[in-house]
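A.B. asks: sequence and predicted structure, then a few things I'm wondering about:
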Amino acid sequence: MLRSMARCLMAGLALTTISSTAALAQPEAMPRTMVWTSYDLGASGYAEASAIADAFGRKYGMRVRIQPSGSAIGRLQPIFNDRADIGFLGNETFFATEGLFDFATPRFGPQDLRVLMGKVNSFGMAVAADENIDSVADVEGKRVAYPAANPSSSLKCDAMLAFAGLSRDDVEVVTFPTYAATMSSVAEDKADVTCTVTATGQMYELAESPRGIKWLDLDPDDAAGWERLNNIAPLFKPVSETQGAGLSKDNPAQLMAYRYPVLTVRADMDDDTAYALTKALDETYDIYKNATSTASRYAIKDAAVPPIDAPFHPGTIRYLKEIGVWSEDSAQWNEARLARLKALRAAWSDMMAENSDLPEDEFAELWSERREQALAELENR
């Protein structure tokens with residue numbers, strides 16, 4: 001395992017070695033060199049990108065340079081500028097296509113991005129087992145931990161509140177300076193509820209403490225709840241999680257699935273290249289599937305189906321159809337997601353023509369109004 005991880009890290013710091021045998025195996029549409037962006041060194045997304053780069057080098061002779069960054073802009077700007085080919089990203093893919101947060105400025109706006117696939121992860125609401133909180137509805141009036149300047153985590157927490165028809169107005173929001181601090185907040189009795197992934201040190205500490213841990217279920221059969229949840233952002237679905245603090249195959253939790261990393265590319269990537277890359281991700285799966293504890297979730301039947309943060313690339317869809325993974329439901333979802341992206345980009349273009357010189361705060365406020373209007377008009381078509 002240590003040797004495997006070392007090999008993965010080396011792939012991110014240097015170009016993988018091309019052997020003459022591997023080079024001969026490289027498909028015609030597969031680039032010989034690529035640049036990928038990812039989260040910082042030490043993040044699971046970086047380790048997995050490195051493992052996949054190593055697998056591509058071993059099987060196809062591809063050389064990959066991984067460019068890590070601690071910020072959403074740092075990971076996406078090279079893709080926008082055509083200086084990187086794939087981003088191993090988080091919800092910034094969704095934010096970039098929607099013109100939200102960092103992307104609600106005249107410099108950016110809704111970006112024309114596509115995805116190849118995204119690894120399935122889970123996110124949930126954790127409470128102490130000794131608290132009288134047994135459902136998301138019970139969170140009303142309780143102290144809920146939110147991290148400052150972390151829109152991805154905050155969005156997910158808002159979505160889970162919406163599952164029970166709640167919003168931030170119905171709870172006591174407690175803001176912490178970091179995401180790590182939110183995860184520690186329940187054990188330290190600074191909050192009653194935290195929204196988080198399941199397998200972190202803080203969650204294991206809570207589970208092993210005298211208080212214990214409880215995950216609040218999101219009933220997969222509650223259609224109205226899931227509709228409210230996805231009205232916050234249309235990229236989540238139910239998942240039965242068995243890995244993490246207090247969880248096992250015998251004691252799963254019904255949580256919310258999201259994608260990380262989301263393998264993100266420009267819409268103008270050549271269809272044959274996207275096809276070849278998607279096929280390569282599938283063909284090398286057995287090489288990288290054990291790189292991290294959850295890398296097995298890159299299995300294409302799970303990772304290349306919606307919902308996800310942006311529309312799928314046509315080249316990817318071609319490969320998915322060939323192997324029988326792409327369904328009519330997937331096609332309908334993708335068409336709707338493309339229509340949403342097109343509507344937002346059109347609304348942005350109209351707004352920029354008239355208001356690009358507004359002060360930044362006024363611009364962001366006006367765009368928020370225009371964005372909601374565009375989405376409402378799309379919904380009523």
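C.D. replies: All right, it came through fine. All values derive from a computational prediction rather than experimental measurement.
A.B. asks: contacts for stretch 268-280, please.
C.D. replies: Outside stretch 268-280, the residues that touch it by C-beta atoms under 8 Å, 6 or more residues apart in numbering are 27-31, 56, 59-60, 85-86, 112, 114, 116-117, 265, 300, 304, 313-316, 318-320. For the C-beta atoms, the positions are set from N, CA and C on the backbone; glycine is no exception.
A.B. asks: among those residues, which are located in helices?
C.D. replies: 56, 59-60, 300, 314-316, 318-320 (DSSP state H).
A.B. asks: tell me the two of the residues you listed that are most distant?
C.D. replies: Across the ones in helices among the contacts of stretch 268-280, the longest distance by C-beta to C-beta is 24.2 Å; it joins Lys59 and Pro314.
A.B. asks: can you map out the helices along the stretch 251-381 of the chain?
C.D. replies: Ranges of helices in the stretch 251-381 of the chain, per DSSP state H, counting those that start in this stretch, are 271-283, 285-288, 300-303, 314-322, 328-355, 360-379.
A.B. asks: which of the ones in helices among the contacts of stretch 268-280 are buried?
C.D. replies: Among the ones in helices among the contacts of stretch 268-280, the ones that count as buried by 16 or more other C-beta atoms under 10 Å are 56, 59-60, 300, 315-316, 318-320.
A.B. asks: give me the below-cutoff pLDDT ranges for the chain.
C.D. replies: The chain contains residues with pLDDT under 70 at 1-27.
A.B. asks: for it, which strand is longest?
C.D. replies: Ranked by residue count and defined by DSSP state E, the top strand of the chain is strand 113-128.
A.B. asks: just the angle between it and helix 271-283, please?
C.D. replies: 40 degrees (axes from the mean of the first three to the mean of the last three C-alpha atoms, to 10 degrees).
A.B. asks: how close does the closest residue to Thr194 other than its chain neighbours sit to Asn81?
C.D. replies: Of all residues not flanking Thr194 in the chain, Ala145 sits nearest, at 4.5 Å (C-beta to C-beta, 6 or more residues apart in numbering). Separation of Ala145 from Asn81 (C-beta to C-beta, to the nearest Å) stands at 36 Å.
A.B. asks: more neighbours, those two?
C.D. replies: Between Ala145 and Asn81, counted using other C-beta atoms under 10 Å, Ala145 has the larger neighbour count: 25 against 8.
A.B. asks: sheet partners, orientation included, of the strand or helix carrying that one?
C.D. replies: For Ala145, the host element (DSSP states H and E) is strand 143-147. Taking DSSP bridges as the criterion, strand 143-147 forms sheet pairs with strand 172-176 (parallel), strand 193-196 (parallel).
A.B. asks: most tightly surrounded among those strands?
C.D. replies: strand 193-196 (a mean of 28; mean count of other C-beta atoms under 10 Å).
A.B. asks: for the following helix or strand past it, what is the distance to the chain centroid?
C.D. replies: Where DSSP H and E defines the elements, the next helix or strand beyond strand 193-196 is helix 201-208. Centroid separation for helix 201-208 versus its chain: 24 Å, with C-alpha atoms, centre = their mean, to the nearest Å.
A.B. asks: okay, buried residues for helix 201-208 please.
C.D. replies: Residues 202-203, 206-207 are the ones in helix 201-208 that count as buried (16+ other C-beta under 10 Å).
A.B. asks: what do you get for stretch 135-143?
C.D. replies: Across stretch 135-143, burial judged by 16+ other C-beta under 10 Å covers 136, 138-139, 142-143.
A.B. asks: which one of those residues sits closest to Leu344?
C.D. replies: Nearest to Leu344 among the buried residues of stretch 135-143, counting by C-beta to C-beta, is Val136 at 29.3 Å.
A.B. asks: that closest one and Asp219 touch, don't they?
C.D. replies: No - counting by C-beta atoms under 8 Å, Asp219 is not a contact partner of Val136; they are 9.5 Å apart.
A.B. asks: can you add distance to Gln77 and give the buried residues of helix 201-208 back as a markdown table?
C.D. replies: Shown next, in a markdown table, are these (distance: C-beta to C-beta, whole Å):
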| residue | distance to Gln77 |
| --- | --- |
| Gln202 | 31 |
| Met203 | 33 |
| Leu206 | 37 |
| Ala207 | 39 |
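A.B. asks: I figured Asp282 hits Ile323, correct?
C.D. replies: Yes - counting by C-beta under 8 Å, Asp282 touches Ile323, with 7.3 Å between them.
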